[in-house]
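Participant: Could you look at this predicted model? Sequence included:
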2 protein chains.
Amino acid sequence: MIAMRRVAVALVHHPVEDRERAIVTTAVTNLDVHDIARSSHTYGVTDFFVVHPIAAQRTLVQRIRDHWVDGSGARRIPDRKPAMECLRIVPTLEEARAALGEDSELWVTSASRGQGEPLPFEAGRRFLSTQGPPVLLCFGTGWGLAPSVMASATRRLAPIASPRVDGYNHLSVRAAVAIILDRLLGAS
Amino acid sequence: MIAMRRVAVALVHHPVEDRERAIVTTAVTNLDVHDIARSSHTYGVTDFFVVHPIAAQRTLVQRIRDHWVDGSGARRIPDRKPAMECLRIVPTLEEARAALGEDSELWVTSASRGQGEPLPFEAGRRFLSTQGPPVLLCFGTGWGLAPSVMASATRRLAPIASPRVDGYNHLSVRAAVAIILDRLLGAS
C-alpha cells in the first residue's frame, strides 16, 4: 500500500524500561540501525529517527550513516545507500516530532501494556491510506517505551498477538518493526 | 493461527550466493540466531535449524545455545530460554529435512527470482491450517539461496512485494523471516 500520509519511524533509546521496569538509556545496536533503515525504506517510510540523548552515541550513528551513504560502504553495497539516507539522528523524541510538524501524530506499540482500546492494524492501515498529518511510529529498545512516552501518544496500536496457546511473545525490536510496517503498509 | 502441521525454519549458510552470484559459505551472525529463534518460537515454529557446513561455526552456535538454555544467559533473561531451545544445528539442509521426516516439504522464499507460479501467502496459510506432512521454511543468508536449493524446493512462496513505486526491496533476513512467519502463522 502506498500511504497517503508521510510515515516516519522512531527508535527510542531513552526513556525506555529495563527488565525491572526502571527507566534507562540503552546503547545503540548496529544491526538495529541497518535492519530498521532497510525495512523502513522498503515500506516507503520517509524518515527513520534514531533517538539518543548521549552525544557520543549520536556521533556513532552518524558515522554508520556516513559510511553507508558517502563512504566505502556505499561503493561496496550500493543498495544500502537509499535505506541509510532515510536515517536522522536526534537527541529527543520531541525533536523528531517537531521535524515532522506540530500536527504530526505519535503512534506507539506495545507487546502487552496500555490503557483504553488499542487501534487494530486494519484500521491503522485505512487511516494511513487517507490524506492528513504525518504519523511517527515509535518503538522502544530495552524492555519497551517508558510510560511517559506511552501516555503522550496520539494512538496505541494493537499488540502483535501471539498465536501460541501460552501467549509467548518476545520478538526483537527489529522483527516487531518489520511486522508492523508489513501490516500497516504492506502491498495488498 | 495455530498450524495443524509441524512447521520448522532453516537458515542456510551454504550453498548461498554472494552479490556477484557466486556460491559461497557465509559466517554465522549472532543476532540472526537470536532474532530468528525468538520469531520462530513466538509464531509456534517447533524447530529452528541453523545450517552450516563448517564444524567450528556449528560449535559457535552450539555455545550460543548453551549460554541461553543452560548458562548464565538463561538466568539473566529467562524469556530467551524457550526460544533458544528450538535451535538445532546441522551441517546440511538435507539433514534438517531428514530430521522432519521423508515426507516433509521444503518451502523457499525469494525476493525476486524463481520459475513458475509462486504460492500466495493466503494459500500457504490455508495449507498450514490443514493436517499433513511437516513444512520446512528455508531462508538464505548472503544474497540468497543457491539455485540448487531453489530447484529442490517443494513450493516457492510469493516474494514480499515492495509497495514502493521503484520496487526497492532489501530486507534483512531477520526482517524477512519475521514478516513471512506473521503472514503464514500470525493470529487473525
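Facilitator: Cool, got the structure. Nothing here was measured: the structure is a model prediction, and the numbers come from that model.
Participant: Close to chain B: what parts of chain A are there?
Facilitator: Chain A has residues A:1-2, A:19, A:31, A:34-35, A:38-39, A:41-44, A:77, A:79-80, A:82-83, A:160-165, A:168-172, A:174-179, A:182-183, A:185-187 near chain B, with proximity defined as C-beta under 8 Å from any C-beta of the partner chain. Every residue, glycine included, has its C-beta placed from N, CA and C.
Participant: Now, those residues that are in strands?
Facilitator: Assigned to strands by DSSP state E, none of those qualify.
Participant: Just to be sure, A:F48 is in a strand?
Facilitator: Yes. Counting by DSSP: H, G, I helix; E, B strand; the rest coil, A:F48 is part of a strand.
Participant: Report the contact partners of it.
Facilitator: Listed by C-beta atoms under 8 Å, 6 or more residues apart in numbering or on different chains, the contact partners of A:F48 are A:8-11, A:36-37, A:40-41, A:86-88.
Participant: redo that, cut-off 6 Å
Facilitator: If you count contacts by C-beta atoms under 6 Å, 6 or more residues apart in numbering or on different chains, A:F48 has them with A:9, A:36-37, A:40, A:86-87.
Participant: Pretty sure A:S104 sits against A:C138.
Facilitator: No. The pair A:S104 / A:C138 is not scored as a contact, 11.0 Å apart, by C-beta atoms under 6 Å.
Participant: who's more crowded, these two?
Facilitator: A:C138 (25 against 19; other C-beta atoms under 10 Å in any protein chain shown).
Participant: How about the secondary structure of the more buried one?
Facilitator: A:C138 ends up strand, using three-state DSSP.
Participant: Okay, and which of the contacts of A:F48 map to helices?
Facilitator: The helices, defined by DSSP state H, take in A:36-37, A:40 from those.
Participant: Ranking by neighbours, what's the top pick from those residues?
Facilitator: Ranked by neighbours (other C-beta under 10 Å), those are led by A:I36, which has 29 neighbours.
Participant: got the contact list for the closest residue to that one other than its chain neighbours?
Facilitator: Spatial nearest neighbour of A:I36, excluding adjacent residues (C-beta to C-beta, 6 or more residues apart in numbering or on different chains): A:V177 at 5.2 Å. Contacts for A:V177 (C-beta under 6 Å, 6+ apart) come out as A:36, A:39, A:139.
Participant: I'd like the distance between the last one and chain B.
Facilitator: The reference is to A:F139. From A:F139 across to chain B, the span is 13 Å (C-beta to the nearest C-beta, to the nearest Å).
Participant: before we move on, what about A:D47?
Facilitator: Taking C-beta to the nearest C-beta as the measure, A:D47 falls 15 Å from chain B.
Participant: which residues does that residue bridge with?
Facilitator: In this entry, A:D47 is beta-bridged to A:A8, by DSSP bridges.
Participant: Give me the pLDDT value at the residue located most distally from the centre of chain A.
Facilitator: If you look at how far each residue of chain A sits from its centre, by C-alpha atoms, centre = their mean, the farthest one is A:V165, at 28.2 Å. Note for A:V165: predicted pLDDT of 89.
Participant: Now the nearest residue to it once chain neighbours are set aside: phi and psi?
Facilitator: Distance criterion C-beta to C-beta, 6+ apart; nearest residue to A:V165, sequence neighbours excluded, is B:I2 at 7.3 Å. Main-chain torsions, B:I2, degrees, to the nearest 10: phi -90, psi 120.
Participant: Excluding chain neighbours, what is closest to A:E17?
Facilitator: Using C-beta to C-beta, 6+ apart, the closest residue to A:E17 is A:W143 (4.5 Å).
Participant: my guess is the one you found meets A:A22, correct?
Facilitator: No. Contact criterion C-beta under 6 Å: A:W143 and A:A22 do not qualify, at 9.4 Å.
Participant: Count the neighbours of the closest residue to A:R38 other than its chain neighbours for me.
Facilitator: By the measure of C-beta to C-beta, 6+ apart, the closest residue to A:R38 outside its immediate chain neighbours is A:A83, 4.6 Å from it. Residues within reach of A:A83, counting by other C-beta under 10 Å, total 25.
Participant: Would you agree A:A83 is in contact with A:D35?
Facilitator: No. Judged on C-beta under 6 Å, A:A83 makes no contact with A:D35 at a distance of 9.6 Å.
Participant: Show me what the lengthiest helix in chain A is packed against.
Facilitator: In chain A, with assignment by DSSP H, the single longest helix is helix A:55-69. The contact analysis (3 or more C-beta pairs under 6 Å, 6 or more residues apart in numbering or on different chains; DSSP states H and E) places helix A:55-69 against helix A:80-85, strand A:87-90.
Participant: Which residues are in contact with A:L93?
Facilitator: Taking C-beta under 6 Å, 6+ apart as the test, what A:L93 contacts is A:12, A:51.
Participant: repeat for A:P134
Facilitator: Neighbouring residues of A:P134 by C-beta under 6 Å, 6+ apart: A:5-6, A:100, A:104.
Participant: how much space between it and chain B?
Facilitator: From A:P134 to chain B the distance is 17 Å (C-beta to the nearest C-beta).
Participant: Which strand residues bridge the residue lying closest to A:Q62 once chain neighbours are set aside?
Facilitator: Closest residue to A:Q62 apart from its sequence neighbours, by C-beta to C-beta, 6+ apart: A:I89 at 5.6 Å. For A:I89, the beta-bridge partners under DSSP bridges are A:V50.
Participant: Thought A:V51 was touching A:I89, still the case?
Facilitator: No. Using C-beta under 6 Å, A:I89 is not in contact with A:V51, being 8.4 Å away.
Participant: what about these two, which has more around it?
Facilitator: The residue with more neighbours, out of A:I89 and A:V51, is A:V51; 26 against 21, by other C-beta under 10 Å.
Participant: Can you report how many residues lie near the residue lying closest to that one once chain neighbours are set aside?
Facilitator: Nearest-residue entry for A:V51: A:V12, 4.7 Å, with adjacent residues in sequence omitted and distances by C-beta to C-beta, 6+ apart. Look at A:V12: counted by other C-beta under 10 Å, it has 27 neighbours.
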